[in-house]
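Asks: Here is a sequence with its predicted model. Questions after.
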Amino acid sequence: MARILYIETSTSLCSTALSEDGRIVAEKESDVPRAHAAMTAPYVKEVLGDLSVQDCDAVCVSKGPGSFTGLRVGVSTAKGLCFGSGLPLLSVGTLETLYWQAVTEKLLPEGCRYVVPMIDARRMEVYTAVFSSDGRQLTEVRPQVVEAETFAPYLSEGPVLFIGDGAPKCREIFSSENAFFHGCCPKASSMLIPAERAFNEKRFEDVAYFEPFYLKEFIATVSRKNLI
């Protein structure tokens, strides 16, 4: 079994973890805002403890979608570690991480038919995809404006879990008794199962050319404040 270092910075939670032989042995996280750049490297050092990066078999990073700044910090850190150590790079989508978080933390309601991870975008928009309760991704990852009927076909079939930092703002929109909500951010430790699978199947990323999945183009804005 592999020893894998995990970095998850796609949302407000800065999170790292280390797994050995298919189980998480160390993790560190903080939701201090706008501090990913300062915290990610120290958190990596903390979860490694007396180990070095060279003692690992791979580095796994969240590939998005999510925060532009957070993703850049996480991916840059992971690529730097891989370049310096020669380790392979793994990546896991943010929404897939949230699906596995729901499963491993036993959040699925009884009879759950679908899991809908949601990353908060802005206003009533989220980045989302629909997963079956057994982990099959049924729709592409997309930006979605949430309205009352957006997920009606899925809710008509049975219980649906909406999970992620975009889920709470949907609570008052979906009136169905089949709608269940869990507000949270993706954790590095929740990448364990898909990362182990990718490692065993040798589905490694190209360290030189790997880029985060931003989903939307970054739009720079000019401050309205008088800078003179």
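Replies: Perfect, I can see it now. Residues are numbered from 1 along each chain as shown.

Asks: and this structure, what are its domains?
Replies: As assigned by automatic domain parsing, the chain contains the domains 3-93+187-200, 95-182.

Asks: Now the last one: average pLDDT?
Replies: Across domain 95-182, the average pLDDT comes to 96.

Asks: Residues touching stretch 187-205, excluding its own?
Replies: If you take CB atoms under 8 Å, 6 or more residues apart in numbering as the criterion, stretch 187-205 is touched by 1-2, 4, 6-8, 13, 15-17, 19, 22-24, 27, 29, 57-58, 60, 62, 88-92, 96-98, 100-101, 104-105. Every C-beta, even on glycine, is put in place using the N, C-alpha and C of the backbone.

Asks: and these, which are buried?
Replies: Neighbour counting with 16 or more other CB atoms under 10 Å marks 2, 4, 6-8, 13, 15-17, 19, 24, 27, 29, 58, 60, 62, 88-92, 96-98, 100-101 as buried within the contacts of stretch 187-205.

Asks: In strands, which of these fall?
Replies: If you go by DSSP state E, the buried ones among the contacts of stretch 187-205 have 4, 6-8, 15-17, 19, 24, 27, 29, 58, 60, 62, 89-92 in strands.

Asks: coming back round to it: closest one to Tyr209 among the domains of the chain?
Replies: Proximity to Tyr209, assessed across those by CB to CB, is greatest for domain 3-93+187-200 (9.9 Å).

Asks: Figure out the length between the terminal residues of that closest one.
Replies: End-to-end distance of domain 3-93+187-200 (CA to CA, to the nearest Å): 12 Å.
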